[in-house]
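> Below are the sequence and a predicted model for it; my questions follow.
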Amino acid sequence: MKYLIAAYFALLIVSSLDAQKYFSKNASIRFYSDTPFEKIEGINSSASTVLDASTGQLEFAVLIKGFQFDKALLEEHFNENYMESSKFPKSTFKGMIENPSAVDWSKHGVKKVNVKGKLTIHGVTKEVTIPSEFVVGPEGIKAKSKFNVKPQDYDIKIPSVVRDKIANEIEVNIQSNYQLLNQ
């Protein structure tokens, strides 16, 4: 009987830990370059992400060829000339919410945090800290982040012919609606 009770409580603990994992397969990543010569926007609405609320771990993965543009030529140049998406097919982020124990995921409301981790773009990995906002509500957790990326930091070569058309810093916006991961 003692073993049965112990097994029951162990199962409850494991179940409650699993209940802390959230995911999305349709997170949206938007980047924006604004110069006097041209405005460039790429959107990918099929990024995958997992949030482990019990540990604060957060991961993202996005296929580069999934970014869409309003001009087909921009999309072609983005994939072939700049991002070399055949050679570097995806970008990833693996990190952790700073001070995760300070975030009470059981209460509805806005949680403003910094997420620190490794961002890999174009085969180059850099340590970054990204300000983020999580909103806990009855439908799950919504997240958004906004930060800047410099193409040269990730060995993305911009030919001098078009250098004035692409901003030195690219604005990146991420939005995700996390759902509870049912295992």
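All right, it came through fine. Numbers count the residues shown, from 1 in each chain.
> Strands of the protein, residue ranges please.
Under the criterion DSSP state E, the chain contains strands at 21-34, 39-52, 57-63, 90-97, 109-121, 124-137, 140-149, 170-180.
> want to try CSV for those strands, with mean neighbour count, mean pLDDT and distance to residue 159 as columns?
Every residue, glycine included, has its C-beta placed from N, CA and C. Below are the strands of the chain laid out as CSV (neighbours: other Cβ atoms under 10 Å; pLDDT from 0 to 100; distance: least, Cβ to Cβ, whole Å):
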stretch, mean neighbour count, mean pLDDT, distance to residue 159
strand 21-34, 18, 96, 15
strand 39-52, 18, 97, 15
strand 57-63, 19, 98, 24
strand 90-97, 19, 98, 21
strand 109-121, 16, 98, 18
strand 124-137, 15, 97, 19
strand 140-149, 17, 97, 19
strand 170-180, 18, 97, 16
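> what about residue 154, how many neighbours?
Around residue 154 there are 19 other residues, counting by other Cβ atoms under 10 Å.
> Quick check, it in contact with residue 121.
Yes - using Cβ atoms under 8 Å, residue 154 is in contact with residue 121, at 4.3 Å.
> most centrally placed residue in this structure?
residue 60 (4.3 Å; Cα atoms, centre = their mean).
> Go ahead and confirm that residue touches residue 92.
Yes - shown here, residue 60 and residue 92 form a contact pair, counting by Cβ under 8 Å, at 6.4 Å.
> For residue 7, give me the pLDDT.
With respect to pLDDT, residue 7 has a value of 37.
> so who does residue 117 touch?
When contacts are counted by Cβ atoms under 8 Å, 6 or more residues apart in numbering, residue 117 touches 58, 93-96, 127-128, 130.
> Just give me the closest of those residues to residue 44.
Using Cβ to Cβ, residue 93 comes nearest to residue 44 of those, at 13.4 Å.
> Across the sheet, point out what pairs with that closest one.
Beta bridges link residue 93 to residue 60, residue 119 when assigned by DSSP bridges.
> Okay then, goodbye and thanks.
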